[in-house]
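Engineer: 3D, please:
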Amino acid sequence: MRYTTGHRWIELLGWLADRPQASAIAATLLLALVAALIRPPVIEGLMVDQLSGSTERLEIARRITAATGATSVAVVIVSPANASIAATFDDLAALRMRLLALDDGIAVRSIDAAREQLFLYGLTPDRPVTELLAVLRDNPQSTTIVNTAATRFLIVITAPESQEQHVTGLLEAHDWGSTYAEHAVLARAQLEHDVAAGLRKDLRLLLPVIVAATLAAVFLAFGYWRALLLPLFASVASVVVLFSLFSTMVVTINLVTLLALPIVLVVGLANSCHFLAKSGSVRDSQSSVNAAVRLTMRRVGPPFFFSTLTTAIALASLGFNEFAPIASLGLLSAVALLVVFLLVLLAAPLSLRWYLQGSGKSMRRSHRYAALSRWLGLWRKHISAALLVAMLLGAAAIPFITVKSEPRAFFPDAAPFSSALRLFEREFYFFSPLRVLVSVDGNDPLVALRSAGALRDAVNGQDGIRQVTMAPAVGQPGAYVLTALLANESYLDALLEHIDSIAAISQGGVSAVYSSPSLVYGDIDRQAMSSLLRSLGWSVGLIFGAILLVFRSLRAVLSAMLANAVPLMLVCGTVWLVGNPLNLVTVFVFLVALGVVVDDSIHILFWRAAGDTVSGSSIEFSVLLSTLLLCLGLMLCQLSDFPTTRLFAAYCALALVGAVISNLTVLPLMLRARAGAPT
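Structural biologist: A predicted model of the protein is given here:
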C-alpha cells in the first residue's frame, strides 16, 4: 500500500502542533461563534405528513379527511364497573350531548345504542352493562363498538382541528365516577404532547448520561484525569454544533432527527481517544513532549480526517431519502461530524501537551487489554473463519427479513397515550380504519346515493368487517365517505379488490379512492427499502472509492470491504433470527453502521501502510477503546422510552462489536504481504 505521509496538508498538522495555544484559541473562538447560532429547538411531536413517502397516497388521505369535515379524532376507552345498563347509557348520552354542543362539526359514534333496543337482546335496563357488552360482541351489526374481549366501550369523536383542545379538555374533566372501572382518552393533541415529552426526557437524560459514562470509561482506560480534557471538549463541541445546526438548518427535533445527538456525540468523543492512545506510546520514544505531540498529530491526523469523511459520506447519502426527517438526519449529522473534526483537531495539540506534561513524566496507556490482544493473536485464523461463515449465513437471511413499520413503535412506552394504547393492543383495526371516498359522474344525487349505498351494502357483507358507516362528503355534492372497521389487517387487501370490482361494474361512473394508516405505512415500508438500497449503493461506492484513491491498492479496498461486510451481515442474521422486522428508523441502521465501522479499517490501513504491526500496538488499543466508547454510548440509549431508538442503538452496537473483531482479525490476515508476515 502507498504510505500517505507525503501529503502536503500533513505539514499543516505539524504546524498546528508547534502552535498549541494559537490552535486552542482558534478552536475556542470558532466554538463560540457556532454557539452564538443556537436558538431554542423546536420539538415536533408528530410528523405523519413527513413520514408519508407516497405523495399520491397522502393527497388521497387529505381529500378524504376534508370530505369528512373533520381533521381530528379522539378516542375514549372505558371499562364499565358494576353499573346498570341504564346508568351507563344515561352517562354516555349526557357526555354525547355536551360534546355535540361544542361545535356543529363534531360527530360522536359508538354510544348510540338506545335503551329501547335492549329488548332485542333479551336484556333489561337494570342488568349489569357487562352483559350487554357480551351480547354486542356477538352482534357486529350493532352501531356500538366494543372490543373483542367484550369488556370495554370504544367512543369515537371526530372534530374540527380548532375544537380538538376543547374536546380533550371536556373528556378529561368528565366525572367518570363509579360508573366505570377505568377509562383512557386518546387524542392527537395528547399523542403529540406525549411524544414531545418523551423527546424532552431523552434530551435531558441521554446526553449527560452518555457523556458521564464515556468519560468515566476514558479515565479507567488511561488512569489520569488530564486524559479527559480532549474527550470532554469533543463532547461539548458535538452538542453545541448539533444544536446550532438544528437552528441554522431549520430542522425540528423529532423521533428521527434526535438520533443525530448520540451518533455525533459518541463518534466525536471516541475519535478523540485515538490521539490519546497514540501520544502515550509515542512519548516513550521521543525526547520531548513537543516532538511527541508533533508526531502524534502527523500520524493520527490523516486517518482521523479520512475516517470522519467516510462516516460523513455514509450519513450524507441519507439526504437522497424521500422521507424528510431521514434526509435531515443524514445531512445534519454529516455536517456536524466535519465541524466537530475541525474543532477537535484544533484543540488536540494543547490538550495532548497538558496530558503528557501532567506529572512531568510519560503517561502510559492502560494495558488491561493485553490479555484480549494475545487471545486475538492466537485465535485470529479461527475467529476469521467463524466470522466469514457467520457473514455468509447472514447474507442468506436477507431475503427473509421483513420491513414493517408498526405505528406503536413510534410512541414512548411510559407516556399515558401508550399506556392506554396497550389496553387496546389487539384491536388494531380501530386505529387503522379504511375510509373510501365514493363519487359519481354527473349531478344526479339519487344515482350517487344509490351507488354509495350499494357499495356500502356490498362491503358490509364481507368477512372481517366489523362496521361500515356512510356519510355525505362535506363540500362535495354527490360524494359519500364510507368508513369500514376491520377485524384485523389481513382482510384489507381482499376488501380493496372487492371495492374496485364493485365500482367497476356500477352504473353512473362510480369512482372510489381509499386510504388508511395501514396503506400509508405500507408505502413507507416499500420506499424505505428502495431508498436504503440507493443510499447504500452511493455510500459503498464513495467510501471505498476514497480508500482506493488514498492507498492506491486494490488489496486494501477488497480487504476493507470484506472486513466491514461481516458486521453488517451479522446484523442481518440477528434481525432474522430474533424475528423483529425493520421499521422506518432501524431500516437505515446499515447506513449509519457502515459509516462508523469503516473507521477502524481506515485507522488500521494507515497503520499498516507505515509498516507497523497491529497486534499489541497502540492502534489496537485505540480501536478497542473507541469501539468500547461507541458501544457504551449507544447502549445507554436503551434508557430511551422509544422502542425505535432502543432497537436502532442495539443494532448499531452489535455492528460495532462485529466490526472491531473483524478489523482486528480478518483485515490483518487479508493485508499480509507474504506468508508468515507479522500482523
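
Engineer: where along this structure do the strands fall?
Structural biologist: Taking DSSP state E as the test, the strands found in the chain are 72-80, 107-109, 153-159, 180-187, 434-440, 465-472, 479-486, 510-515.

Engineer: Mind checking these for the one nearest to residue 455?
Structural biologist: Residue 455 lies closest to strand 434-440 among the strands of the chain, at 5.8 Å (Cβ to Cβ). To be clear about C-beta, it is placed using only N, CA and C from the backbone, and glycine gets the same treatment.

Engineer: Mind giving me the packing neighbours of the closest one?
Structural biologist: Under the contact definition 3 or more Cβ pairs under 8 Å, 6 or more residues apart in numbering; DSSP states H and E, strand 434-440 sits against helix 55-68, helix 445-460, strand 479-486, helix 492-505, strand 510-515.

Engineer: Buried deepest among the ones you listed, which one?
Structural biologist: strand 479-486 (a mean of 22; mean count of other Cβ atoms under 10 Å).

Engineer: ok now that strand, how far from the chain's centre?
Structural biologist: 33 Å (Cα atoms, centre = their mean, to the nearest Å).

Engineer: So residue 458 versus residue 331, what's the distance?
Structural biologist: Separation of residue 458 from residue 331 (Cβ to Cβ, to the nearest Å): 49 Å.

Engineer: One more: residue 468?
Structural biologist: Taking Cβ to Cβ, one finds residue 468 at 45 Å from residue 331.

Engineer: where's the nearest residue to residue 247 once chain neighbours are set aside relative to residue 45, distance?
Structural biologist: Excluding the flanking residues, the one nearest residue 247 by Cβ to Cβ, 6 or more residues apart in numbering is residue 39, at 4.0 Å. According to Cβ to Cβ, residue 39 and residue 45 sit 19 Å apart.

Engineer: again with residue 335
Structural biologist: Taking Cβ to Cβ, one finds residue 335 at 25 Å from residue 45.

Engineer: Residue 13 now?
Structural biologist: 45 Å.

Engineer: neighbour-wise, which of these two wins?
Structural biologist: residue 13 (23 against 19; other Cβ atoms under 10 Å).

Engineer: Is the more buried one in contact with residue 299, as I believe?
Structural biologist: No - using Cβ atoms under 8 Å, residue 13 is not in contact with residue 299; the gap is 9.1 Å.

Engineer: hmm, back to that, which among the strands of the chain is found nearest to residue 574?
Structural biologist: strand 479-486 (32.9 Å).

Engineer: quick one: average pLDDT of stretch 103-110?
Structural biologist: Stretch 103-110 comes out with an average pLDDT of 79.

Engineer: sorry, back to before: you'd agree the residue nearest to residue 247 is up against residue 250?
Structural biologist: No - proximity of residue 39 to residue 250 does not meet the contact threshold set by Cβ under 8 Å, at 9.7 Å.

Engineer: Just want the most central residue of the chain.
Structural biologist: residue 585 (3.1 Å; Cα atoms, centre = their mean).

Engineer: thinking again about what came up before, confidence score at the residue nearest to residue 247?
Structural biologist: 88.

Engineer: So what's the residue count around it?
Structural biologist: Residue 39 - counted by other Cβ under 10 Å - has 11 other residues nearby.

Engineer: I'm done for today, thanks for sticking with me.
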